[in-house]
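[1] okay, predicted coordinates and the sequence, questions at the end:
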Amino acid sequence: MRILLAAAALMAVTTSSYAACYGTGNYQRCSDNSGNSYSVQRYGNTTNLRGYNSNTGSSWSQNSQHLGNSTFTRGYDADGNSWNSTTQRIGDSSFTRGMDSDGNSFSRTCNSFGCF
């Protein structure tokens, strides 16, 4: 397994990729040399992302809203499964909890000592 991971990392370093983004601070469209693309739309406290994988023909999306010290994010993976997370920032710490696209709950705390 370590050899496979090392080989994948080496390929990522030696494979040239190119991505270009066009647009304004409120709307950008990006694509890479493999035909993958995504768009970012920002307005007020909301950010919408939509992506497309040219190899699989699949799409994904994400929507985030920032209110006070909290960020609420929800999205759909390439198979159409939904996921969500809520992050609350208090001082130098952030507390994230949510449900992944397989229906599993998760939580994570990050601060100046790291994440756990």
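    The structure has been received and is ready for your questions.

[2] buried sites along the helix or strand containing Gly75?
    Assigned by DSSP states H and E, Gly75 falls within strand 70-76. Buried positions in strand 70-76, judged by neighbour count with 16 or more other C-beta atoms under 10 Å: Thr71, Phe72, Thr73, Arg74, Gly75, Tyr76. Just so you know, the C-beta spots here come from the backbone N, C-alpha and C atoms, and that holds for glycine as well.

[3] same question, stretch 40-58
    Of all the residues in stretch 40-58, those buried under the rule 16+ other C-beta under 10 Å are Val40, Thr47, Asn48, Leu49, Arg50, Gly51, Tyr52.

[4] from Gly68, how far off is the first one?
    It refers to Val40. The gap separating Val40 from Gly68 is 23 Å, by C-beta to C-beta, to the nearest Å.

[5] just the second one next, same as before
    Here Thr47 is placed at a distance of 16 Å from Gly68 (C-beta to C-beta).

[6] what of the third one?
    When C-beta to C-beta is applied, the distance between Asn48 and Gly68 equals 20 Å.

[7] and Gly25, what does it touch?
    Gly25 makes contact with Arg42, according to C-beta atoms under 8 Å, 6 or more residues apart in numbering.

[8] do a quick rundown of the strands in this structure.
    For the chain, the strands defined by DSSP state E cover 19-23, 27-32, 37-43, 46-53, 58-67, 70-76, 82-90, 93-99, 105-111, 114-115.

[9] under the pLDDT cut-off, which ranges of this structure? List them.
    The model of the chain has pLDDT under 70 over residues 1-17.
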